[in-house]
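Chemist: Have a look; sequence and predicted model below, questions after that.
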Amino acid sequence: MDKILRIDMGAEGGPKATVSPIGAYAALGGRGLTSSIVAKEVDPLCHPLSAGNKLVIAPGLLSGSIAAMSGRISVGCKSPLTGGIKEANAGGQPSQMLARLGYAAIVLEGKPKENALYKVFINKDGVKIVEDKSLKMLSNYQVVEKMKGEFGDKVACISIGQAGEMRLPAASVAFTDMELRPTRHAGRGGVGAVMGSKGVKVIIIDDAGQPTRQPKDPEKFRAANMKFIEGLRTHAVTGQALPSYGTNVLTNIINEAGGYPTYNFKHGRFLGAAKISGETFAEIETKRGGLATHGCHTGCVIRCSGIYNDKDGHFLSKQPEYETVWSHGGNCGIDDPDKIAMLDFLDDDIGLDTIEMGATIGVAMDAGVIKFGDADGAINLIKEVGKGTPLGRIIGSGAAIAGKVFGVEKVPVVKGQALPAYDPRAVHGIGVTYATSPMGADHTAGYAVATNILKVGGEVDPLKPEGQVELSRNLQIATAAIDSTGMCIFIAFAIMDQPETFQALLDMLNAFYGLELTAEGVAELGKKILKTERHFNTRAGFSQHHDRLPGFFKTESLPPHNIIFQVKDEELDVIFNW
């Protein structure tokens with residue numbers, strides 16, 4: 001991975017691809033690379049959908065190797081949803097394949113002068129960019145089927161659905177899984193809208209003939225990888241809970257903890273939680289001939305995904321993630337697994353962030369557009385987005401805009417991005433992350449739930465403000481570094497509890513690159529990334545006053561604990577004073 005592929009979509013005479021050495025961005029990957037390129041090359045004051053913005057797609061430092069869990073990919077840009085810097089993360093096959101082709105990043109630049117739509121084909125022989133009007137307003141599944149017919153079934157695809165073409169702020173970028181289905185999404189922040197603004201509908205990747213990336217010290221690397229896998233398989237979360245029930249194993253846990261946001265963040269428990277729990281979904285999947293455990297990319301050993309079939313045994317969707325089940329389920333008062341799976345499929349197909357969509361529909365329900373619990377009404381709202389109707393465009397623009405249009409005061413967003421599936425009043429640490437992350441409300445930016453609720457890496461009382469800022473700070477630093485390696489964030493459970501597993505990760509990086517990286521070095525990398533991202537946001541007009549939760553979290557108590565968010569603003573203001 002020693003080169004960057006730049007595609008100027010606004011070049012004279014049509015889009016032009018150039019390949020350059022990685023140069024000043026050497027030793028960076030994933031989020032570290034996307035944020036560095038965006039911060040250095042994009043004007044923070046540019047319009048997110050203008051030619052001045054750039055979309056950066058980058059595999060991680062260990063992607064394309066035999067390292068377990070190394071198939072994550074980062075997508076970066078100036079966000080049309082938040083107005084700040086954005087990195088959205090996804091699984092799937094493209095990361096491994098791009099890395100094996102030697103690309104540290106794809107950078108989409110400029111903007112077509114005409115309203116043209118292109119497909120980009122990348123293999124060992126180079127890059128082909130072809131205008132294809134037949135792709136216009138196709139859904140992600142339709143696009144992938146069309147590409148399979150043209151390029152075969154050994155490729156991987158990166159695509160946008162109708163939402164991305166319409167440049168809606170909640171649009172995602174889809175990445176195909178091992179079955180060549182567009183089920184893995186860089187969902188947050190409207191990255192799909194930026195890809196749409198560049199006129200790129202789909203990127204097809206063919207790594208045929210390319211070997212697996214080789215480490216500098218193969219023997220040490222293999223030994224470290226085996227130790228790393230052993231740690232993941234022996235940890236209770238990564239070795240048992242996630243493989244058995246997927247991320248949705250959290251539904252019963254968070255509901256019991258009283259931190260499960262229900263009816264647009266009015267309650268902390270949902271009476272229908274058991275009907276939509278990970279245990280229930282796994283039972284349905286197994287009964288219908290689907291899969292309760294499944295990997296989203298080669299090299300995945302946690303296998304927290306799955307296959308959800310309909311009542312007739314036909315594929316309906318991937319196993320919906322915990323945040324998806326919450327957003328379209330408990331948050332909207334819906335407790336029907338089939339309806340939630342359909343909503344998940346529609347989001348993937350149209351190309352929408354499931355968290356943003358569930359939160360937006362919750363706001364619409366609060367406004368009386370449809371009633372809480374109306375599953376068919378929610379499905380119709382998502383279909384409206386795909387049709388591009390005025391109502392659909394409002395919904396596809398996210399919770400903040402929908403709240404303004406519908407006149408709703410209680411809108412759960414930070415920096416314009418919807419809060420995920422943990423109420424900050426009952427899980428204070430995640431509230432600090434929501435408020436202060438450069439990305440807007442984002443649970444993966446510093447997953448304090450691990451320590452607040454699951455007691456991984458120690459224990460900090462979720463209902464009290466003490467210790468939450470330090471917890472979130474340390475997790476945000478560590479996460480920024482992990483996001484640069486191409487590793488799945490779920491490895492954090494094992495490396496937080498098992499020093500030997502963390503050391504195995506360091507040993508893999510050192511063996512691969514010939515480094516002498518220490519734990520302190522990992523922390524410095526995370527700090528550097530966060531500093532870069534915050535500097536971009538400052539230049540874009542953000543201040544400490546944007547590092548706040550919506551006011552109702554500090555004035556309205558949440559049942560069943562009946563408490564408010566108690567971390568003071570002055571504490572939030574010093575989180576990055578390391």
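Modeler: Received it, and whenever you're ready, just let me know what you need.

Chemist: could you measure the closest residue to Ile73 other than its chain neighbours against Ala104, distance?
Modeler: Distances taken as C-beta to C-beta, 6 or more residues apart in numbering place Ser95 nearest to Ile73, at 3.7 Å, with adjacent residues excluded. In this view, the C-beta of every residue, glycine as well, is placed from N, C-alpha and C. Note on Ser95: its distance to Ala104, by C-beta to C-beta, to the nearest Å, is 11 Å.

Chemist: Between those two, which has more neighbouring residues?
Modeler: Relative neighbour count places Ser95 above the other of Ser95 and Ala104, with 34 against 25, counting by other C-beta atoms under 10 Å.

Chemist: For the helix or strand that the more buried one is a member of, what does the pLDDT average out to?
Modeler: Secondary structure from DSSP states H and E places Ser95 in helix 94-100. For helix 94-100, the mean pLDDT works out to 97.

Chemist: starting at the chain centroid, how far to that helix?
Modeler: Relative to the chain's own centre, helix 94-100 is displaced by 18 Å; criterion: C-alpha atoms, centre = their mean, to the nearest Å.

Chemist: Tell me which other helices or strands that helix touches.
Modeler: Of the remaining helices and strands, those touching helix 94-100 by 3 or more C-beta pairs under 8 Å, 6 or more residues apart in numbering; DSSP states H and E are strand 55-59, strand 73-78, strand 156-159, strand 200-205.

Chemist: To Pro337, which of the ones you listed lies closest?
Modeler: Using C-beta to C-beta as the criterion, the shortest distance between Pro337 and those is 26.9 Å, found for strand 156-159.

Chemist: neighbouring contacts of the helix or strand following the closest one?
Modeler: Downstream of strand 156-159, the first helix or strand assigned by DSSP H and E is helix 162-165. With C-beta atoms under 8 Å, 6 or more residues apart in numbering as the test, helix 162-165 has contacts from 117, 136-139, 170-173, 192-193, 195-196, 201, 350-352, 385-386, 388, 396.

Chemist: and helix 162-165, what's its mean pLDDT?
Modeler: According to the model, helix 162-165 has a mean pLDDT of 98.

Chemist: Same question for stretch 113-127.
Modeler: The average pLDDT for stretch 113-127 rounds to 95.

Chemist: Would you mark the buried spots in it?
Modeler: Residues of stretch 113-127 classed as buried: 117-123, 127 (neighbour count, 16 or more other C-beta atoms under 10 Å).

Chemist: dump the residue contacts of Lys201.
Modeler: With contacts taken as C-beta under 8 Å, 6+ apart, Lys201 has the following neighbours: 117-119, 132, 135-136, 138, 143, 159-160, 165.

Chemist: Quick check: nearest residue in space to His546, chain neighbours excluded?
Modeler: Leaving out its chain neighbours, the residue that sits closest to His546 by C-beta to C-beta, 6+ apart is Lys415, at 5.7 Å.

Chemist: show me the contacts for that neighbour.
Modeler: Neighbour list for Lys415: 82-84, 439-441, 542, 546 [criterion: C-beta under 8 Å, 6+ apart].

Chemist: can you rerun that using 7 Å?
Modeler: The neighbourhood of Lys415, defined by C-beta atoms under 7 Å, 6 or more residues apart in numbering, consists of 82, 84, 440, 546.

Chemist: do the same with Asp336
Modeler: Residues in contact with Asp336 (C-beta under 7 Å, 6+ apart) are Ala375.
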